[in-house]
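Participant: following is a predicted model, sequence given first.
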Amino acid sequence: MSYLYRCNHCSTRRALPRLHTDYIRPPKCNSCGGLLTYRDVWQEKKNKDPENLCYCDQLPFKPHRKASTVWCEAHPIGPTELDYIKRHGDNMS
Ligand SMILES: [Zn+2]
Ligand SMILES: [Zn+2]
């Protein structure tokens, strides 16, 4: 379980393992250093919605969020040549 936050400044998303109020030092945005105090409850709900879960065999973890990566069967575009190269590189190392 993680909590989804958005930067107050640039709206970059970041998942935190705990609530931002549990931190002694407030968590900050990786891109601009802005404060992450806006919790994206809508997105959290969406992630838990069974309609957005996918059980296809293309990803090693199930269930996953539909089209969460290009390898998911529900992804509208699917992996590109570059994605295959990247994956191949991972397997070699
Ligand atoms: Zn930011
Ligand atoms: Zn899938």
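Facilitator: Now that the structure is in, tell me what you want to look at. Ligands and ions are numbered 1, 2, ... in the order given.
Participant: so what's the gap between the lengthiest helix in the chain and the chain middle?
Facilitator: In the chain, ranked by residue count with DSSP state H as the criterion, the top helix is helix 81-92. Centroid separation between helix 81-92 and its chain, computed with C-alpha atoms, centre = their mean, to the nearest Å, is 20 Å.
Participant: what comes into contact with that helix?
Facilitator: Residues outside helix 81-92 that contact it (C-beta atoms under 8 Å, 6 or more residues apart in numbering): 70-71, 79. The way it works is simple: take the backbone N, C-alpha and C, and place the C-beta from them, glycine included.
Participant: output that helix in PDB with nothing but the alpha carbons.
Facilitator: Only the C-alpha atoms of helix 81-92 are listed here, as PDB (Å, rounded to 0.1, in the frame of the first residue of the first chain):
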ATOM      1  CA  GLU A  81      11.300  -1.600 -31.000                       C
ATOM      2  CA  LEU A  82      13.100   0.500 -28.400                       C
ATOM      3  CA  ASP A  83      11.300  -1.300 -25.600                       C
ATOM      4  CA  TYR A  84      12.400  -4.700 -27.000                       C
ATOM      5  CA  ILE A  85      16.000  -3.500 -27.100                       C
ATOM      6  CA  LYS A  86      15.700  -2.200 -23.500                       C
ATOM      7  CA  ARG A  87      14.300  -5.500 -22.300                       C
ATOM      8  CA  HIS A  88      16.800  -7.500 -24.200                       C
ATOM      9  CA  GLY A  89      19.500  -5.500 -22.500                       C
ATOM     10  CA  ASP A  90      18.100  -6.200 -19.100                       C
ATOM     11  CA  ASN A  91      18.100 -10.000 -19.800                       C
ATOM     12  CA  MET A  92      21.800  -9.900 -20.800                       C
END
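Participant: pLDDT on that helix, on average?
Facilitator: Averaged over helix 81-92, pLDDT sits at 81.
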